[in-house]
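# here is a sequence together with a model predicted from it:
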Amino acid sequence: MKTVTLNNGVKMPQIGLGVWQVEDEVATDSVKKAIEVGYRSIDTAAIYKNERGVGKGIKAAGVPREELFITTKVWNEDQGYESTIKAFEESLERLELDYVDLYLIHWPTPKKDTYVETYKALEKLYEDGKVRAIGVCNFEIVHLQRLLDECSVKPVLNQVECHPYLGQHELKTFCDENEIFLEAWSPLMQGGDVLNDDTIKNIAEKYGKTPAQVVIRWHLDRHSIVIPKSVTPSRIEENFDVFDFELTDDEMTSINDLDRNERKGPHPNDLND
């Protein structure tokens, strides 16, 4: 398992299992399977309604807690200082854990303008040792810059929709310049359109890999963190089998050039519920 070192010195696996839209009971089996395959990072969220299932999967896998890296997130309606602290404790109870490795703000919800206050609650949790690292999801440059200006603990990462058709190149450059990792959700693109792209398929054929494996390798080779989601055991294995090849500079450029700024999820400025 390849790890990256976050800006606070904590090591995080570069690939993890995402469990968005996975039912609670199914999450238990998926998490257990992923850990058996070799994954050590699991990404969930309060709004996914599967934290209990994730916690059960962690227990069933029987791997020492300190070998795992568990992420969860505060949902929009729980933003605010006190409500974030409360939401965190509830997530911890559902996961049946003593701490989480990474706690994130799920969306900036800029019209509500509570993300700075919410982030200060994350700082408190970090200072109290209840989380090992803190960060954000779906933040644009303007939102990140405000945290850098008004808060004291730099986010370790920004988890955003990212795939070859939505390369997030400007945002990634900003994150790189500020020692903030970009973490890709929906890394294979919802609906999988990118997996049918001829550029991706040709590279996959060259390496004897699947298009999905090539896209995951693209994320890794651009030094991003990636959390592909699957509930299918064979796909969970396939998505992890990406450490025996690397893409050339020309191949990276050809995939970078596929960018269409094509989102499948909402734009961060538009989601305020």
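Received it, and whenever you're ready, just let me know what you need.
# need phi/psi at the residue sitting furthest away from the middle of the chain.
Most distant residue from the mean C-alpha position of the chain: residue 206, 28.6 Å away (C-alpha atoms, centre = their mean). When quoted as degrees, to the nearest 10, the phi and psi of residue 206 stand at phi -60, psi -40.
# ok, residue 166 next?
According to degrees, to the nearest 10, residue 166 has phi -140, psi 80.
# for residue 265, see how far away it is.
As judged by C-beta to C-beta, to the nearest Å, residue 166 and residue 265 stand 9 Å apart. C-beta: built from backbone N, CA, C; applies to glycine.
# compare the two (neighbour count), which wins?
residue 166 (21 against 13; other C-beta atoms under 10 Å).
# partners of that one in the sheet?
Taking DSSP bridges, one finds residue 163 as the beta-bridge partners of residue 166.
# can you pull the contacts of it?
By C-beta atoms under 8 Å, 6 or more residues apart in numbering, residue 166 lies in contact with 189, 259, 260, 261, 262, 263.
# show me which pair in these is furthest apart.
189 and 261 (12.8 Å; C-beta to C-beta).
# look at the two and report which has more neighbours.
residue 189 (20 against 9).
# list the buried residues in the helix or strand hosting residue 56.
Using DSSP states H and E, residue 56 sits in helix 51-61. For helix 51-61, the neighbour count (16 or more other C-beta atoms under 10 Å) marks 51, 52, 53, 54, 55, 56, 57, 58, 59, 61 as buried.
# just after it, pick out the following helix or strand.
strand 69-74.
# for that next one, packing partners?
Using 3 or more C-beta pairs under 8 Å, 6 or more residues apart in numbering; DSSP states H and E, the elements in contact with strand 69-74 are strand 41-43, helix 51-61, helix 81-95, strand 100-105.
# quick one, which of these gets closest to residue 239.
strand 41-43 (12.3 Å).
# so what touches that closest one?
Applying C-beta under 8 Å, 6+ apart, the set of residues contacting strand 41-43 is 12-13, 15-19, 31, 34-35, 54, 57-58, 68-72, 159, 185, 227.
# go again using 7 Å as the cut-off
With contact meaning C-beta atoms under 7 Å, 6 or more residues apart in numbering, strand 41-43 is reached by 12-13, 16-19, 31, 54, 68-71, 227.
# what's the closest of those residues to residue 100?
residue 70 (5.1 Å).
# for that closest one, give the beta-bridge partners.
Here residue 70 sits in beta bridges with residue 42, as judged by DSSP bridges.
# all strands of the chain, in order?
Counting by DSSP state E, the chain has strands at residues 3-5, 11-13, 17-18, 41-43, 69-74, 100-105, 131-137, 157-161, 181-185, 225-226.
# now do the second one, average pLDDT.
Yep, that's strand 11-13 we're talking about. Averaged over strand 11-13, pLDDT sits at 98.
# list of residues touching it?
So strand 11-13 is in contact with 1, 3, 4, 5, 6, 40, 41, 69, 225, going by C-beta under 7 Å, 6+ apart.
# tell me the least confident of those?
Lowest confidence among these: residue 1, with 74.
# quick one: neighbours of it, just the number.
By the criterion of other C-beta under 10 Å, residue 1 has 14 neighbours.
# no more questions from me, cheers.
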